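A.B. asks: One predicted model, sequence on top.
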Amino acid sequence: MIPARYGATRFPGKLTSDLCGKPVIVRTYLSTVATGLFDKVIVVTDHEQIAKQIEQEGGTVFFSQKAHESGSDRIAEAVADVEADVVVNVQGDEPFQDKESLSGLVKAFEDKSVKVASLMRKIEDDVDVINPNSVKVVVDKQNFALYFSRSPIPFVRDKYQPNYYRHIGVYAYTKQLLLAYTNWEKTMLEKAEMLEQLRLLENGIRIKMVETTHEAVAIDTKLDLDRAIAFYQRYSQ
């Protein structure tokens, strides 16, 4: 499922912006399909232009009937009548999806105790550790999330230097858990950090974290789009 909201705050219309001959959302859709991992790929939107662009590529669109606060809520509405075991939430503004990362996410569900999985990447730049827009995650020895925060976690009291991991906002859920979780009330920590995944932890749901080395190209600003164009031009030659 690819949630695709037109009205982004920092870069309105980013999903319909041109990325070397095709709109951003179409690049995301095509790269997701190209992984060959999924029985069905659906773009979930509330905007006619996005729907038309996907349908012109032969893609499947679910048109949201309700207003939603998050991408998770949007895909929950769309998946309600879809036969599925595992639902993967791919970000619509990340046009270059990585097969290896998504494959690892899906494989996590070979462990039948896993109900939710997500991605993390080792932080190499100290600036990202203190950047509140870079969400950090700490895990246990089985790579289940202990906590997510915009603050640097763990806090280093002495000289020991731990590894820091950035949470990559791609999720996979069992259908049953997704439909349940999106009906739960927001929780205290979720409201404090403005991170919806904390609702899962606060309700006792374990999140399996899968490490990736892939550096996602996310488009949040016009500068990000320029970088994505440069990236595409460099690797498509």
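C.D. replies: It's in.
A.B. asks: drop to CA atoms for contacts and neighbour counts, all remaining ones
C.D. replies: Will do.
A.B. asks: Could you say which helix or strand holds the residue nearest the centre of the chain?
C.D. replies: For the chain, the residue sitting closest to the mean C-alpha position, by C-alpha atoms, centre = their mean, is residue 170 at 2.6 Å. Take DSSP states H and E as the rule and residue 170 turns out to sit in strand 165-174.
A.B. asks: What are the buried residues along the helix or strand that that strand is followed by?
C.D. replies: Per DSSP H and E, strand 165-174 leads on to helix 175-181 as the next helix or strand towards the C-terminus. Within helix 175-181, the residues scored as buried using 16 or more other C-alpha atoms under 10 Å are 175, 177, 178, 179, 181.
A.B. asks: you'd agree residue 116 is up against residue 210?
C.D. replies: No: applying C-alpha atoms under 8 Å as the test, residue 116 and residue 210 come out as separate, 10.9 Å apart.
A.B. asks: ok, those two, which is more surrounded?
C.D. replies: residue 116 (26 against 21; other C-alpha atoms under 10 Å).
A.B. asks: Tell me who's in contact with the more buried one.
C.D. replies: 171, 172, 173, 174, 177, 205, 206, 207, 208 (C-alpha atoms under 8 Å, 6 or more residues apart in numbering).
A.B. asks: Identify the residues contacting residue 57.
C.D. replies: residue 26.
A.B. asks: Mind exporting the C-alpha coordinates of the longest helix seen in the chain to PDB?
C.D. replies: Secondary structure of the chain per DSSP state H: the longest helix is helix 222-235. Presented in PDB, the C-alpha positions along helix 222-235 are these (Å, rounded to 0.1, in the frame of the first residue of the first chain):
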ATOM      1  CA  LYS A 222      12.200  21.200  -3.600                       C
ATOM      2  CA  LEU A 223      15.900  20.700  -2.800                       C
ATOM      3  CA  ASP A 224      15.200  17.000  -2.200                       C
ATOM      4  CA  LEU A 225      13.500  16.800  -5.600                       C
ATOM      5  CA  ASP A 226      16.600  18.300  -7.200                       C
ATOM      6  CA  ARG A 227      18.700  15.700  -5.400                       C
ATOM      7  CA  ALA A 228      16.400  12.900  -6.600                       C
ATOM      8  CA  ILE A 229      16.700  14.100 -10.200                       C
ATOM      9  CA  ALA A 230      20.500  14.100  -9.900                       C
ATOM     10  CA  PHE A 231      20.300  10.600  -8.300                       C
ATOM     11  CA  TYR A 232      18.100   9.200 -11.100                       C
ATOM     12  CA  GLN A 233      20.300  10.800 -13.900                       C
ATOM     13  CA  ARG A 234      23.500   9.300 -12.300                       C
ATOM     14  CA  TYR A 235      22.200   5.800 -11.900                       C
END
